[in-house]
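[1] Sharing a model that was predicted from the sequence below.
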Amino acid sequence: MHPLLNKKGFVIDIDGVIGRGESPIKKGIEGVKKLRELGKKVIFVSNNSTRSRRIMMGRFQRFGLDVDEDELLMATYATARFIAKEKRSAKVFTTGEPGLVEELELAGHKIVEYDEAEYLVVGSNRGINFDLMTKALRACLSGIRYLATNPDRIFPAEDGPVPGTGMIIGALYWMTGRKPDVVVGKPSKIIMEEALEILGLSAEDVVVVGDQIDVDIKAGKAIGAETLLVLTGVTTRENINSMISRFGEKPDYVLDSLSDLFD
């Protein structure tokens, strides 16, 4: 039996582990089902900033995997919760897509134009354009509280990597010299500590599973959990050594897929 199967809980990334966009990763799905059969606690923690929990639940159903809402901790939801802890019914300008807007509004926040906002929330947007970037630039320059849903440079889509939220963060930094006041998503402790709270477990009782060293593995290390890198997403057999060298982190374990825990 793989030593990680002694853990009580699994904090599992979605994109690159369970699926690539709308395409399921069969061995990832099989691995989750086997973990559940063993009675392991599972929570899916994703830096995806374009999907709400409702939208993601539909994707999981299409993958043939039923999940409860409280098993999904999306960067969209975590960001909305973080703001709510600071200020109820905050006025927010966001670069994000409808999934992020949905979670912000469900948390009681009001989506407003950049010149009315108390918070700038940067999330990925596949329809980003000059007008939206101009508004984000002006909001950033105004000095309001600036949050990023996640720091992802790239995102594992069905047909290969695409730009992540980091594209917008980087553009704003290049124009203003300003970085986000808070980054909610991995590798930040904010989203990871919330995952532990939901599971009701301590860091030593869980393993963090993901496909990116600079995002998932660093997130696990940040809270002192053991880490498992799977090679079904951004990191591959071909680039793993360069990734480890580039980001200065080495996963505790490396497997071709989540289901290989049971081989």
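    Yep, it's here. Residues are numbered from 1 along each chain as shown.
[2] Span of stretch 200-208 from start to end?
    The straight-line separation of the ends of stretch 200-208 (CA to CA, to the nearest Å) is 15 Å.
[3] now swap in stretch 101-115 and tell me
    End-to-end distance for stretch 101-115: 18 Å, by CA to CA.
[4] Off-centre distance for stretch 66-73?
    Put simply, stretch 66-73 sits 14 Å off its chain's centre (CA atoms, centre = their mean, to the nearest Å).
[5] who does Gly210 bridge with?
    Gly210 forms beta bridges with Leu229, as assigned by DSSP bridges.
[6] okay but Thr95 is in contact with Leu137, surely?
    No: counting by CB atoms under 8 Å, Thr95 stays clear of Leu137, with 10.4 Å between them. For the C-beta atoms, the positions are set from N, CA and C on the backbone; glycine is no exception.
[7] Same drill for these two, tell me which one is more crowded.
    Set Thr95 next to Leu137 and count neighbours by other CB atoms under 10 Å: Thr95 wins out with 25 against 16.
[8] show me the contacts for the more buried one.
    Residues in contact with Thr95 (CB atoms under 8 Å, 6 or more residues apart in numbering) are Val121, Val122, Gly123, Ser124, Asn125, Ile128, Leu132, Met133, Ala136, Ile168.
[9] if I look at it, how far off is Lys186?
    According to CB to CB, to the nearest Å, Thr95 and Lys186 sit 19 Å apart.
[10] Cross-check the contact I'm expecting between Ile14 and Phe44.
    Yes: in this structure, Ile14 is within contact of Phe44 by CB under 8 Å, at 5.3 Å.
[11] Give me the common contacts of these two.
    Residues touching both Ile14 and Phe44 (CB under 8 Å, 6+ apart): Met56.
[12] the more surrounded of the two?
    Taking other CB under 10 Å, Ile14 and Phe44 do not tie; Ile14 has more neighbours (26 against 23).
[13] How about that one, nearest residue that isn't a chain neighbour?
    Ser46 (4.2 Å; CB to CB, 6 or more residues apart in numbering).
[14] One more: Lys34?
    Using CB to CB, 6+ apart and skipping residues adjacent in sequence, the residue nearest Lys34 is Phe262, 5.4 Å away.
[15] burial count for that neighbour?
    Counted with other CB under 10 Å, residues neighbouring Phe262 total 14.
[16] cool, and Asn129?
    Close neighbours of Asn129, defined as other CB under 10 Å, add up to 8.
[17] This completes my enquiry, with thanks.
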